[in-house]
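Enquirer: need coordinates for the following:
(one chain, ligands or ions: 1)
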Amino acid sequence: MTDDKPMNSPYLLQMKEIYKSFGPVTVSAGVTLEVKPGEIHALLGENGAGKSVLMSILCGILKPDSGSIHYKGAPLNIGSPREAIRHGIGMVHQHFMLVPNLTVAENYVLGQGTPLRLINDMKAVHQRITALSDRYGLDVRPDAVIEDLSVGEQQRVEILKVLFHGTDLLILDEPTAVLTPQETDRLLDLMRDLVADGKTVIFISHKLDEVMRVSDQISVMRDFKVVHTTAVTDTNPRELARLMVGRDVLMELPRGSANPGQVVLSVDGLSCRNDLGLPALKGVSFSVKAGEIVGIAGVSGNGQTELSLAISGLLPIDAGKVSLEGKDITGLSPAEINQLSFAHVPEDRHKMGVLLPFTLAENAILHRYNQSPFAKKGLLQRGVTASFARDLIKRFRVKTPDEEEFLANLSGGNQQKLVVARELARDPNFILVSQLTRGIDIGAIEFILQEMLKQRDAGRAILLISTELEELFTVCDRILVMFHGEILGEVPADRSRLEEVGLMMAGQRSAPAAAMEPALT
Ligand SMILES: Nc1ncnc2c1ncn2[C@@H]1O[C@H](COP(=O)(O)OP(=O)(O)OP(=O)(O)O)[C@@H](O)[C@H]1O
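Expert: You can find the predicted model right below:
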């Protein structure tokens, strides 16, 4: 790295001509990123454009091959995350890095170069956490055990952790991907409070509306480079989408009306409990027909996760019945359900969708490794598997050097694309999808939602569970709203009904829906 010091630089951070390769694969091709103090600087880009890699370099997790970093007017050579923290640079990652069975305070003093005097004085640690929590209205209790907290609470714990270590420059990698709309609003307010307090924020997001709402400056990455930096006041979502993807992106998808046929999935009076033993579904009933996309809307935590687990055999059912194409599948194991014409894109792809230490090719046949044509006489057919995986990679534009790459080395959005590609390739009659577009860039969302519409038009029955109303209104034919483990009502997926769905998500039953579902009142 070069050591030239910029004179009177207006920038807090300058990353110049950063190059990074993993073996023959270039993942940072001369990136230059400049961030001023006290701003919220959004970093946008397609899946695999190199955003996380660049930020990992800044945080000392990865070492660049060449390039220079200046921070607070001086050259910066960071050898480890601990050094980055010492310089006041902290990152909240896409996947939380908290130890689930420890308390907030214990997590904060783990590793990361916490001074010994603090570790020996947990009372002081608790006081510092409480003071920071009060200052930023974060609602974090130092003695709370991580595994008892909701996703939104864990997110705040991660942010407070970075503040706990005295960070001036916070990097938030897709922080709103798993948050409810209310939690997102709260986080965006927090980001503004942080900059008002003299901090600087780098905000990675695929959600252009949030980026437009909260950012001061925006840098767009494409093909491992920053291709454009602009003030938020000088741009608009359409331009940003074009810069990211290199073409115009359709914000609205053209689609014809549905032509529903026979009932494919039928759910009758389904009740089950969550992993804490509390009632999560309270007599849920609905059906999905061939050739239609039914959406399940709701603020997360209202039973949607349990609904998808119960349908796919991953959660015991207390009462009620699930039928697929007329066959009672209640109580079947996930392996048995897997043999049916049933595809599942799960909410938590790391826990259920993929095996990170395995290759793309191996993940592409995860449920079918012992079936023809991928296995013959008990032997894996490597050639067939490889060409199948290559086809998925090509059709779904998964960014990877080849099918032999380990899945762990793919960017988050590209992992999701592979799961969707694999599940649709099973040619299923019923498709259960949870949080389809989470972490996926705007160009890939357009493509994947179009694929869903094609599947619908080919006669598949699709149940789409999502916290993203935009996604639901773009492809669904009708939307059911879940609240406190019940279906509160149903509306056609017509954008004029958006407000009605929003009210139902907050627990207010709409007049027409209440009339339609008298049994639920
Ligand atoms: N350890 C690694 N070994 C090999 N390749 C890697 C490794 N880590 C990342 N990559 C590759 O670097 C590229 C950039 O990945 P990165 O995670 O920075 O993308 P991103 O812009 O953050 O994408 P997303 O929006 O999907 O999170 C990807 O093609 C990814 O496969």
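Enquirer: can you map out the helices along the stretch 251-400 of the chain?
Expert: Applying DSSP state H, counting those that start in this stretch to the stretch 251-400 of the chain gives helices spanning 304-311, 334-338, 360-364, 382-395.
Enquirer: surely residue 430 meets residue 291?
Expert: No: using C-beta atoms under 8 Å, residue 430 makes no contact with residue 291, being 11.8 Å away. Heads up, the C-betas are built off the backbone N, CA and C, glycines and all.
Enquirer: hey, what's in contact with both of the two?
Expert: Counting by C-beta atoms under 8 Å, 6 or more residues apart in numbering, the residues touching both residue 430 and residue 291 are 460, 461.
Enquirer: so residue 491: helix, strand or coil?
Expert: strand (DSSP: H, G, I helix; E, B strand; the rest coil).
Enquirer: bridged to it, which residues?
Expert: According to DSSP bridges, the partner residues bridging residue 491 are residue 479.
Enquirer: could you report the neighbour count for it?
Expert: The tally of other residues near residue 491 (other C-beta atoms under 10 Å) stands at 22.
Enquirer: I'd like the distance between it and residue 303.
Expert: Distance, residue 491 to residue 303, by C-beta to C-beta, to the nearest Å: 18 Å.
Enquirer: residue 432 versus the residue nearest to residue 362 when sequence neighbours are not counted, what's the distance?
Expert: Distances taken as C-beta to C-beta, 6 or more residues apart in numbering put residue 355 closest to residue 362, at 7.1 Å, once the chain neighbours are dropped. Using C-beta to C-beta, we find residue 355 at a distance of 20 Å from residue 432.
Enquirer: so for these two, which sits in the more crowded spot?
Expert: Neighbours per residue (other C-beta under 10 Å) separate residue 355 from residue 432, with residue 432 holding more: 23 against 13.
Enquirer: correct me, but that one touches residue 340?
Expert: No: contact between residue 432 and residue 340 fails when scored by C-beta under 8 Å: they sit 11.4 Å apart.
Enquirer: pLDDT weak spots in the stretch 301-450 of the chain?
Expert: Applying pLDDT under 70 to the stretch 301-450 of the chain flags no residue at all.
Enquirer: near the ligand, which residues of it?
Expert: By C-beta under 6 Å from any ligand atom, the residues of the stretch 301-450 of the chain that approach the ligand are 399, 400, 409, 410, 411, 412, 413, 414, 441.
Enquirer: tally up the residues packed near the fifth one, please.
Expert: In terms of burial, residue 411 registers 24 neighbours under the definition other C-beta under 10 Å.
Enquirer: now do the first one
Expert: Residue 399: 18 surrounding residues under other C-beta under 10 Å.
Enquirer: and it, how far is that from residue 110?
Expert: Distance, residue 399 to residue 110, by C-beta to C-beta: 33 Å.
Enquirer: just to check, residue 448 is in contact with residue 420?
Expert: Yes: counting by C-beta under 8 Å, residue 420 is a contact partner of residue 448 at 5.7 Å.
Enquirer: common neighbours of the two, please.
Expert: Contact criterion C-beta under 8 Å, 6+ apart; residues shared by residue 448 and residue 420: 396, 436.
Enquirer: the two - which one has more neighbours?
Expert: For residue 448 and residue 420, the more surrounded residue by other C-beta under 10 Å is residue 420, and the numbers stand at 26 against 22.
Enquirer: under a three-state scheme, what state does the more buried one occupy?
Expert: Using three-state DSSP, the structure places residue 420 in helix.
Enquirer: any idea how far it is from residue 436?
Expert: From residue 420 across to residue 436, the span is 7 Å (C-beta to C-beta).
Enquirer: now do residue 244
Expert: Computed as C-beta to C-beta, the residue 244 to residue 436 distance reads 19 Å.
Enquirer: domain map for this structure?
Expert: 13-245, 250-341+428-521, 350-422 (automatic domain parsing).
Enquirer: off-centre distance for the second one?
Expert: The chain centroid and the centroid of domain 250-341+428-521 are separated by 19 Å, computed with C-alpha atoms, centre = their mean, to the nearest Å.
Enquirer: now the first one
Expert: Centroid displacement of domain 13-245 relative to its chain, using C-alpha atoms, centre = their mean, is 16 Å.
Enquirer: same question for the shortest one.
Expert: Distance, stretch centre to chain centre, for domain 350-422: 20 Å (C-alpha atoms, centre = their mean).
Enquirer: start the count at 41, not 1, going forward
Expert: Yes, from this point I'll number from 41; that puts the last item at domain 390-462.
Enquirer: kindly report the residues of the protein close to the ligand.
Expert: By the rule C-beta under 6 Å from any ligand atom, the part of the chain lying against the ligand is 62, 65, 67, 85, 87-93, 439-440, 449-454, 481.
Enquirer: buried only: go through those for me.
Expert: 67, 85, 87-93, 439-440, 449-454, 481 (16 or more other C-beta atoms under 10 Å).
Enquirer: narrow those to those in helices?
Expert: Applying DSSP state H to these, the entries found in helices are 91, 92, 93, 452, 453, 454.
Enquirer: my read: the last one touches residue 87, true?
Expert: Yep, that's residue 454 we're talking about. Yes: in this structure, residue 454 is within contact of residue 87 by C-beta under 8 Å, at 5.1 Å.
Enquirer: quickly list what's touching both of these two.
Expert: residue 439.
Enquirer: flag the shaky bits of the protein, pLDDT-wise.
Expert: Applying pLDDT under 70 to the chain picks out residues 41-47, 151-160, 291, 550-561.
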